[in-house]
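Any chance you could fold what I've pasted below:
(chains A and B, ligands or ions: 1)
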Amino acid sequence: MVGAGPHGLAALKALLQNGIEADGFERESDVGGNWNFGADNSRVYESTHLISSKPFTQYPDFPMPDSYPDYPSHRQVKEYFRRYADHFGLRARIRFSSDVVDAVPVDDGRAWDVTARDRGTGVETTYRYAGLVVANGHNWSPKRPAYPGIEDFRGKVIHSADYKDADVLRGRRVLVVGAGNTGCDVAVEAAQNATHTWHSTRRGYYYNPKYLTGRPSDQVADGLLALRVPLAVRRVLFSASLRFAVGDLTSFGLKKPDHKFFETHPIVNQQLVYYVSHGDITPVDDVERFDADGAVFTDGSRADVDLVVLCTGYLVSVPFLQHEWLNWDDDHPQLFLQMFTPRFDNLVVTGLIQPDSGQWTLAHWQGVLAARVAEALRRHPSTARAFLSRAGAEAGRRYSAGAQYKDSTRHYYEVAHQDYLRALQDAIRELEAPA
Amino acid sequence: MTANPVRRKTLAMRPWDWAFPPRPVAHREVLSALPDPPTDRPPLLMVHGIAHGAWCFGENWVPAAARAGWPAYALSLRGHAGSGGARHLRRTLMRDYVHDVMQTITELPEPPVLIGHSMGALIAQLVADRYPLRGLVLLTPAPLHSAMGDLVAIARDRPADLGRALVGRTLSMEPDILFEGLDPATARAYSDRTGTESPLVQWELLLRRRVGPVRCPVLVIGTPGDRLVRPADVERTAESYGVEPVWFPGMGHDVMLDAGWDRVLDTVLAFAADLPAWGTAAVR
Ligand SMILES: Cc1cc2nc3c(=O)[nH]c(=O)nc-3n(C[C@H](O)[C@H](O)[C@H](O)COP(=O)(O)OP(=O)(O)OC[C@H]3O[C@@H](n4cnc5c(N)ncnc54)[C@H](O)[C@@H]3O)c2cc1C
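Residues are numbered from 1 along each chain as shown, chains lettered A, B, ... in the order given. Down below sits the predicted model:
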C-alpha cells in the first residue's frame, strides 16, 4: 500500500479489517497526505478549509466530531486523519519516511517487488508482496502550461503547488491563472492582500455558494438526489438559485458559462464575485503570451504584473510503475471503476477520482472494494475472476450521472459522487454473493 | 436457519445521512471506569434501552468490568439521564441515537466491544452495520425485524400500556416488568429512575431494518420470562447472526440490574476475552 493520505489509510484499514496482512509505505513522517500541511506533497495552504461539508466528506465509519464546523480547516482535517490512524491501529503498520521508488511484477505477475528508499539513510530495500495498492494521490504533480514568452517575464512565477500563505501576495500586482477551487481561493486572498489582482480563466463558471437556505449547499444538492429529482430539474433549480442570489455574472465582467450546470467540477466560492464587484479583481481572458512586464490575453488586452500564480492544476503521476501496467492512454490511466487495470489482478489504484462532492466516503468504499477483491481472489477465485475479467471492456467508463463533462485533463477523474458510489456498492455486493 | 431469509447486503448509499445529518447535541454523558493498572484489553461501550440512562450500567457493570481489567464506558443517549437534548426528545429519531453512539466510539482509543440493551441493542446492531466493532453483545435485544410481535404481546399482557404508547407516552417501566429477583424497594428505586422516551423512536421500533453483513462475533443474551422482548424475537435475532442465545432464567428484562447481574456480566466478559484480534474475524 503506497501512500498514507486519505485513500491509503482507508485501503489499509479495509485490508487489515478483513484479515489481509498489509504494510503501508509513506514518504512523509506522518499520515494525512495532502492535508499534512508543510509536507513536500501537501497542496493545502494556510487558509484552506474544506469546500465539501462533513457528511459526505468524512469516512462513513468514522464521523468527524460534532465540535467541528460544517467546513473544517486543514488543521482539523489533519487531526482527524491522525485520530483515524490511531483509532484503527494503522500507524504500526506504516513505514514512514519511506519513498517507494520502484515496483515490478515478478513470478508471472503473481507478486510485486517493491523498492523503497529510506529518506533518512538513503538505504533502498526491496520487499515482496502478493498485491499492490497505489494511493499516491493525484493532486501534487504541478501542471504547467507552456506559455510563449514566459522566459522573458521579469516578475516571479509560482505554481499553486508552492503557494502556502498570503505573504507572497502582499503589495504585489498579481495575476492568478485558472479557475479551479484553488485558483478562486488564491484570487480571493490576492484581492485581500495584493495591490491589484487579475484573474484569468478559460471559460465562465458557476460560482456556487457554500450555503443555500441556511444549509451547506452540497447537502441541499444531496437532498434533491435523495428525492430522485432528475438532472434537468436540478439544473434549473441550481441555476435559478444562483440567478436569484447573484444574477447575471456577465454584468460583473465575468464570462458567461459555456456549459450547463454539473458539466464541470463544481467551484465553491462565495467571495470571488464579491471582490470582482468591488473592483479588487479584474476578470481577464485566457493568457496568450507573456512579455517582460506582464501578460497579454487572447482578447488583446494586457496587464502589467509582478507575480503570476499558476493555478493550472495537477497531473497524475505514478513514477514507480510503468505506464502500460496501468493501461495508460495519453496522459492518464484507463481503469475499470477507476481502480482496476486490465493488466493485473493484484494491482489496485485508489484515489484516482475527483467527485463533485466530498471524497472520503468514496475513499472508504474504494478501500472496501479492494479488500473484497483480495478476499475473493483467495476464497472464491471464480467470482473474483468473473468480476475482474470485465476490466478490459469497462476500462475508462465514466460515472457522470448523465452529464457530459467538458473535456480537459481536469475532468478525466471527475465522478458524480452518488453515481460512482452506487457502482462501487454493486461491485461489492457482487463479490459478497459468490455464485 | 430458514426463519430469516433476508440476505444481508452491504449498504453504501445513505442519501438521507448526507442530506440531513443528525444535529449535534450539546452534551453527552459518558460514565467510565478504567482498570488500574491499565491493561491491553479493548474498551467495552454500553448503550441503554428505552427511558433508561448510562446509570443502569453505572450501578454494577461499569465498576465491576473495570475491576476485572476492562476499560468500561456507558453512554446516555440524547434526551436521557445526564445528556443534553431533553427539550428535543419528542423530535428525536433512532438515527440521532446511532449518531450519538458513533460520536462516542470515535472518541475511544480503539474499536470497542459494543454492548446494547433492549432498544440500545437495536441501536448497536445499526452501528454494527456501519462500523467495524470488535464484538457485539445484545442483551434482551429489540429486533431488527420489527418489534410488532412484542407490541402485540404487550397489548395482550397490559392493554392500558399499549394505549399509552399509542398516544405517544412512554411504555411502562414498572418494577414487575423490569425485574424478577430484586427486593421491592430496590426494584422500585430503579424503576423510578427511568425517564421518558421519544415517541417517534418507540414507533420506529416497529420498522423492519435492512442492514449489511456483520463481520464481528456476536453474543445474544435473553431471559425466558421477558415482558418487553419476547423470547421468540431474541431467538430470531440470534439466528440471524448464526448463534445460539444464552438464557438467564429467573431474571427480568434489565439483566444488568436484576439479581444475578454478575453472572450475566461474567458471560459477557468471557465472550470478550475470547474475541480474535481486530481484523481477523471470519466473514458471516
Ligand atoms: C487545496 C485543496 C483543497 C481540497 N479540498 C477538498 C475538499 O474540500 N473535500 C474533499 O473531499 N477533497 C478535497 N481535496 C482533494 C484531496 O486531495 C483529497 O481529498 C485527498 O487528499 C486525496 O487523498 P489521496 O490519499 O488520494 O492523496 P494524497 O492526500 O495526495 O496522499 C498521497 C500520499 O502518498 C504519499 N506518496 C506519494 N508518492 C509516494 C511514494 N512514491 N512513496 C511513498 N509515499 C508516497 C504522499 O506523501 C501522500 O502522503 C482538496 C485538494 C486540494 C489540493
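
can you give me the end-to-end distance of stretch B:69-87?
In stretch B:69-87, first residue to last residue: 38 Å (CA to CA, to the nearest Å).

Now do it, average pLDDT.
Stretch B:69-87 shows a mean pLDDT of 97.

Can you list the helices and strands that the least confident helix or strand in chain B by mean pLDDT packs against?
None of the helices or strands of chain B scores lower by mean pLDDT, DSSP states H and E than helix B:159-166, at a mean of 85. Contact partners of helix B:159-166 among helices and strands, from 3 or more CB pairs under 8 Å, 6 or more residues apart in numbering or on different chains; DSSP states H and E: helix B:148-157. Quick note: C-beta positions are derived from backbone N, CA and C, even for glycine.

Moving C-terminal from the helix or strand harbouring residue B:56, which element do we reach first?
Assigned by DSSP states H and E, residue B:56 belongs to helix B:55-58. Under the assignment DSSP H and E, the closest C-terminal helix or strand after helix B:55-58 is helix B:61-67.

could I have that next one exported to CSV, CA atoms only?
The C-alpha coordinates for helix B:61-67 follow below in CSV (Å, rounded to 0.1, in the frame of the first residue of the first chain):
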residue,chain,number,x,y,z
TRP,B,61,-21.4,-3.4,35.3
VAL,B,62,-19.0,-0.4,34.7
PRO,B,63,-17.1,-0.7,38.0
ALA,B,64,-17.2,-4.5,38.0
ALA,B,65,-15.8,-4.7,34.4
ALA,B,66,-13.0,-2.3,35.3
ARG,B,67,-12.1,-4.3,38.3
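
can you list contacts of it?
Defining contact as CB atoms under 8 Å, 6 or more residues apart in numbering or on different chains, one finds that helix B:61-67 is touched by B:31-36, B:44, B:46, B:72-74, B:256, B:261-262, B:265, B:269.

Tell me which residues touch the residue nearest the centre of chain A, please.
Among the residues of chain A, residue A:354 comes closest to the average C-alpha position under CA atoms, centre = their mean, at 4.9 Å. The contact partners of residue A:354, taken as CB under 8 Å, 6+ apart, are A:265, A:410, A:411, A:413, A:414, A:415.

Count the neighbours of residue A:22 for me.
23 (other CB atoms under 10 Å in any protein chain shown).

Checking it next. Helix, strand or coil?
coil (DSSP: H, G, I helix; E, B strand; the rest coil).

wait, doesn't it sit right on residue A:1?
Yes. With contact defined as CB atoms under 8 Å, residue A:22 counts as touching residue A:1 (5.6 Å).

Residues that sit against both of those two, list them.
In contact with both residue A:22 and residue A:1: A:12, A:15, A:133, using CB under 8 Å, 6+ apart.

Next, format these as TSV and append secondary structure, distance to residue A:230 and neighbour count.
Listed next are the shared contacts of residue A:22 and residue A:1 as TSV, based on DSSP: H, G, I helix; E, B strand; the rest coil; distance: CB to CB, whole Å; neighbours: other CB atoms under 10 Å in any protein chain shown:
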residue	secondary structure	distance to residue A:230	neighbour count
A:12	helix	39	29
A:15	helix	38	25
A:133	strand	37	28
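
before we move on, the earlier item: tell me which of the contacts of helix B:61-67 has the lowest pLDDT.
Among these, pLDDT bottoms out at residue B:36, giving 93.

Could you pull out the buried residues of the helix ranked longest in chain A?
Criterion DSSP state H: the longest helix present in chain A is helix A:360-379. Using 16 or more other CB atoms under 10 Å in any protein chain shown as the test for burial, helix A:360-379 gives A:360-377.

And for stretch B:225-234?
For stretch B:225-234, by 16+ other CB under 10 Å, it's B:226, B:227, B:228, B:229, B:230, B:233, B:234.

how about the first one, phi and psi?
Spelled out, it's residue B:226. phi -60, psi 130 (degrees, to the nearest 10).

ok, it touching residue B:140?
Yes. Here residue B:226 reaches residue B:140: they are 5.6 Å apart, a contact under CB under 8 Å.

what is in contact with the two at once?
Shared contacts of residue B:226 and residue B:140, counting by CB under 8 Å, 6+ apart, come down to B:234, B:253.

List the residues that contact the closest residue in space to residue B:232 that isn't next to it in sequence.
Residue nearest to residue B:232 in three dimensions, not counting chain neighbours: residue B:149, with 6.8 Å by CB to CB, 6 or more residues apart in numbering or on different chains. Applying CB under 8 Å, 6+ apart to residue B:149 gives the contacts B:230, B:232, B:233.
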